[in-house]
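Participant: need coordinates for the following:
(one chain, ligands or ions: 3)
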Amino acid sequence: MRYAEVSVNSPVAQRRTFSYAIPSGLNISAGQAVWVPFGDKLLQGIVLELTSYPSVEETKEIAGVIEPRLILSPAHVLLARWISEHYLSPLFNAVALMLPPGFERKAVTFITSLLTSPEQDASSLTQEQRRVLELVQRQDKISLKQLERTLGKKKAQNIVSQLVARGLATRSYELERVKVKPKEMPHLALKVEASEAQQKAARLRKKGANKQAALLDFLAEQSKPVSWAEARQRVNCDKAVADALTNKGLVTIQHIEVKREPISYEGITMSQPLSLTTAQKSAYASIRSSLLQMAEGYTSPPVFLLHGVTGSGKTEIYLQALAEAVKLGKRGIVLVPEIALTPQTIERFASRFPHKVAVLHSKLSLGEQFDEWQRIRDGEFDVVIGSRSAIFAPQPDLGLIVIDEEHEWTYKQDTSPRYHARDVAIKLAELTGAVVILGSATPDVETFYHAQVGDYRLLQLPERVTPSDGSPLPQVELVDLRDELKAGNRSIFSRSLSRATAKAVASGEQVILLLNRRGAATFIQCRSCGLVLRCKRCEVVLTYHFDEDTLVCHQCNYRMPVPQICPRCLSRRIKFLGAGTQKLEQEANYTFPQARLLRWDSDVTKRKHSHWEILGKFRAHDADILIGTQMIAKGLDLPLVTLVGVVNADIGLNLPDFRAGERTFQLLTQVAGRAGRGSLGGQVIIQTYSPEHYAIQAAAKHDYASFYAKEIDYRRQLHNPPFTQLARLVYSHTNDVLCQREAERMKRLLIEERDSRGIADLSLIGPAPAFIHRLRGRFRWQLILRGSELSAFLWQIPIPQGWTVDIDPVGLV
Ligand code: ADP
Ligand code: ZN
Ligand code: ZN
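Facilitator: Residues are numbered from 1 along each chain as shown. Ligands and ions are numbered 1, 2, ... in the order given. Down below sits the predicted model:
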């Protein structure tokens with residue numbers, strides 16, 4: 001007897017597999033999707049392992065195979081196990097990441113007759129049993145649903161059970177079908193002979209209807225109907241022209257089914273590899289030689305960190321490395337942050353690999369995702385490009401994984417499994433022998449550290465490619481807000497930023513004003529001297545709670561009332577809370593009455609696509625000033641923007657999170673890279689109360705090295721990652737007191753475990769109220785664990801419902 005260890009699609013399965021016997025005659029392998037009996041239900045499961053002995057005494061049999069083809073590759077089976085173990089997530093949640101979209105559908109039960117001759121046995125049946133058997137015999141198989149509709153639910157089920165028990169019928173199971181609507185596109189076809197059409201065209205031309213004539217001539221040359229999109233582009237006409245010809249009875253519009261193409265290749269022409277700069281050449285040579293080594297059978301693929309400022313030609317290297325991988329018979333996956341998955345990005349890849357690029361993103365319909373998944377598995381694409389979850393695409397022959405903007409925290413998923421796509425990619429590469437390229441202008445400090453100590457290989461592109469128009473990195477000016485108040489300026493805008501904004505708008509250029517709102521209005525700052533109050537025990541910024549009018553430390557729960565005067569400069573202007581984007585918009589309206597304003601924040605962009613609508617408006621120069629939150633910092637190329645103003649750089653700096661300095665540096669550097677992308681050059685003005693802060697200083701000089709040197713020192717001193725590992729445990733409950741009590745109980749339990757296992761390097765911080773203390777009516781308390789191998793430590797500990805565990809959290813707030 002053979003057995004299978006199966007990951008079952010049930011919430012009670014948690015992190016375990018279950019043993020099932022494999023019935024003789026059933027061909028089962030690891031990675032197979034099967035139906036298994038579980039309690040009184042029939043559930044989906046994925047076989048993760050075949051064994052000779054079951055892990056429990058009593059086993060049931062696998063009920064059937066869902067799909068004969070393996071649904072997970074051997075590498076994906078191991079990856080799913082790793083995700084569940086590392087992130088402590090239910091096993092099936094990890095498996096589900098890799099299943100085809102819509103896989104978690106219901107089972108449809110079918111009934112087939114086993115009766116070979118009509119007379120046989122049928123005589124002893126009741127009238128109703130005979131009736132059902134007749135219904136079943138009329139077709140190969142009939143769904144139980146259909147019988148239920150005819151006979152009523154209970155009766156149909158009873159009779160089917162009786163027939164199955166007597167060996168006259170059998171059940172089989174299939175997945176409910178994915179409903180994929182065929183995609184249709186309008187096409188134009190002639191209603192008359194080509195020769196007649198040409199005559200008519202000549203006559204139309206005489207009357208001055210040149211567009212109609214041109215369209216008619218174009219259609220006369222075609223052997224079959226042409227899509228309206230193509231005709232419109234070729235003839236350069238609008239819908240009214242086609243309508244005119246339809247009304248004249250010369251042309252008809254047909255709706256023809258087309259293959260779904262996630263990318264429209266219209267207007268995309270094949271692009272050739274550029275000849276590389278010296279810096280690019282040397283980076284590319286290293287990657288290429290690793291690709292060759294892997295193709296020759298080396299077993300430990302390297303991870304490259306490609307560190308290069310915006311515009312230094314990183315994407316060109318990705319493209320050429322992918323082309324090399326393809327030449328070696330391999331394929332690639334490219335991850336970009338969701339926000340960077342723009343038509344421009346896709347076009348760059350599509351034009352280098354025509355019809356060989358698959359795009360995966362959340363805006364595709366289920367049908368489209370399903371189609372795309374199947375085609376990827378069939379090996380139709382050289383490159384799969386997508387956001388976070390595209391790392392799980394069933395791309396065969398994986399040879400290269402590229403993660404662009406690797407420092408972006410959108411690569412971390414914030415629901416179970418709380419995986420980080422970069423860490424998953426590195427694991428997957430290890431399992432498949434793929435080379436990894438992590439690219440960024442501002443690498444994550446932990447990534448850079450790995451490159452420093454030799455875990456990853458560092459490749460650097462220190463300069464912009466500077467194409468013919470020449471656009472060096474912009475000048476950055478730091479404005480000390482303390483001086484503004486001293487000079488009697490009480491506006492949000494410093495004198496310098498006001499002047500520069502007015503000047504840019506007057507010259508027909510564009511301005512971006514950035515307000516990093518995340519965390520605004522949560523800390524208290526002295527407007528005279530810039531002091532921000534910190535916890536005396538933890539050095540963490542104290543968070544202001546409106547309802548209690550107190551300051552709270554979100555690490556140790558220290559509390560204090562809000563002081564009336566500044567403890568440093570004795571000013572009474574201590575209770576200054578940052579302004580939101582709306583307030584900023586009002587002030588900008590008042591200060592720059594001539595300028596046309598556009599606001600871009602998450603309140604405005606809740607609707608689908610409105611990101612691109614707003615951006616499109618701004619790019620079309622329908623506005624002079626764009627006001628927005630950190631979203632606008634990412635990957636935009638806006639040639640008319642000559643000035644970027646950062647309204648208050650301290651907002652990000654004062655979050656109670658050890659990564660606040662790093663986030664601020666990244667944001668400011670990315671923003672500074674926005675200005676001056678065009679030939680007009682650019683300028684950046686950063687307003688701050690702490691111009692001497694290392695993160696702000698380094699960002700102003702575009703100096704990653706000096707930022708990193710300071711930051712890694714702090715991390716070492718304070719025992720933060722990469723020198724330790726963190727886990728964040730959050731408990732939520734509608735009752736605040738119970739919530740705190742449970743957090744304290746968990747802390748005692750964890751300390752007991754730690755001490756009884758004799759683990760020295762593990763410390764617990766908290767419990768304290770989470771930064772967002774109340775979310776959707778529930779209170780939240782958190783515990784932070786700092787140590788190493790935390791997944792292994794937590795694996796054996798019972799963690800009740802209501803807790804979420806986040807291993808390697810990207811933020812503590
Ligand atoms: P990054 O990905 O680092 O931001 P890109 O690859 O987008 O940089 O390059 C920036 C610009 O420079 C693009 O317009 C690109 O086409 C161009 N470019 C990149 N490499 C070269 C090269 N070797 N020769 C000429 N132009 C290049
Ligand atoms: Zn002060
Ligand atoms: Zn504290």
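Participant: drop to CA atoms for contacts and neighbour counts, all remaining ones
Facilitator: Noted.
Participant: low-confidence stretches in the chain?
Facilitator: 104-107, 116-123, 175-182, 259-267, 467-473, 517-521, 575-580, 601-610, 630-637, 674-681 (pLDDT under 70).
Participant: the helices in the stretch 401-550 of the chain, which residues?
Facilitator: Listed from the start of the chain, the stretch 401-550 of the chain has helices (DSSP state H, counting those that start in this stretch) covering 421-432, 445-452, 481-486, 495-506.
Participant: can I get those helices in CSV with mean neighbour count?
Facilitator: Shown next, in CSV, are the helices of the stretch 401-550 of the chain (neighbours: other C-alpha atoms under 10 Å):
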stretch, mean neighbour count
helix 421-432, 20
helix 445-452, 18
helix 481-486, 17
helix 495-506, 17
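Participant: burial check on the closest residue to F381 other than its chain neighbours, number of neighbours?
Facilitator: In this structure, F381 finds its nearest non-sequential neighbour in K356, 4.4 Å apart by C-alpha to C-alpha, 6 or more residues apart in numbering. Counted by other C-alpha atoms under 10 Å, the residues lying close to K356 total 16.
Participant: next, count neighbours for the closest residue to ligand 3 within the stretch 1-150 of the chain.
Facilitator: Using C-alpha to the ion, Y87 is the residue of the stretch 1-150 of the chain that sits closest to ligand 3, at 27.3 Å. Other residues near Y87 come to 22 when the count uses other C-alpha under 10 Å.
Participant: quick one: it and D806 touch, right?
Facilitator: Yes: Y87 is in contact with D806 according to C-alpha atoms under 8 Å; the separation is 7.0 Å.
Participant: ok, the residue of the stretch 1-150 of the chain closest to ligand 3 - contacts?
Facilitator: 417-419, 791, 805-807 (C-alpha atoms under 8 Å, 6 or more residues apart in numbering).
Participant: and stretch 447-456, how far apart are its ends?
Facilitator: 8 Å (C-alpha to C-alpha, to the nearest Å).
Participant: hmm, I was thinking of stretch 642-654
Facilitator: With C-alpha to C-alpha as the measure, stretch 642-654 spans 28 Å from end to end.
Participant: ok, back up a step: so which of the helices of the stretch 401-550 of the chain comes closest to ligand 3?
Facilitator: Nearest of the helices of the stretch 401-550 of the chain to ligand 3, taken as C-alpha to the ion: helix 445-452 at 24.3 Å.
Participant: quick one, that closest one and helix 421-432 angle?
Facilitator: Taking axes from the mean of the first three to the mean of the last three C-alpha atoms, to 10 degrees, one finds that helix 445-452 is oriented at 40 degrees with respect to helix 421-432.
Participant: which other helices and strands does helix 445-452 contact?
Facilitator: strand 303-308, strand 457-461, helix 704-717 (3 or more C-alpha pairs under 8 Å, 6 or more residues apart in numbering; DSSP states H and E).
Participant: quick check: angle from it to strand 457-461?
Facilitator: 110 degrees.
Participant: gap between helix 445-452 and the chain center?
Facilitator: Its chain's C-alpha centre and that of helix 445-452 lie 22 Å apart, by C-alpha atoms, centre = their mean, to the nearest Å.
Participant: so what sits against both of Y87 and D806?
Facilitator: R418.
Participant: what about S24, how many neighbours?
Facilitator: Applying other C-alpha under 10 Å, we find 9 residues neighbouring S24.
Participant: distance from the longest helix along the chain to the middle of the chain?
Facilitator: Assignment by DSSP state H gives helix 736-756 as the longest helix of the chain. For helix 736-756, the separation from the chain centroid amounts to 34 Å (computed by C-alpha atoms, centre = their mean).
Participant: quick one: list the elements packing against the very next helix or strand once past it.
Facilitator: For helix 736-756, the following helix or strand on the C-terminal side (DSSP states H and E) is strand 763-775. Strand 763-775 is packed against helix 736-756, strand 778-787, with contacts defined by 3+ C-alpha pairs under 8 Å, 6+ apart.
Participant: got the angle between the shortest one and helix 736-756?
Facilitator: Taking the same axes, to 10 degrees, one finds strand 778-787 and helix 736-756 inclined to each other by 20 degrees.
Participant: returning to what we had before: need the winner for burial among the helices and strands packed on helix 445-452.
Facilitator: Across the helices and strands packed on helix 445-452, averaging neighbours per residue (mean count of other C-alpha atoms under 10 Å) puts strand 303-308 on top, at a mean of 24.
Participant: what strands flank it, and is each parallel or antiparallel?
Facilitator: Using DSSP bridges, the strands paired with strand 303-308 are strand 435-440 (parallel), strand 457-461 (parallel).
Participant: and the longest one with ligand 1, contact?
Facilitator: So that's strand 435-440. No: using C-alpha under 6 Å from any ligand atom, strand 435-440 stays clear of ligand 1, coming no nearer than 7.9 Å.
Participant: now the last one
Facilitator: No: looking at strand 457-461 against ligand 1 by C-alpha under 6 Å from any ligand atom, there are no contacts, and the closest approach is 8.1 Å.
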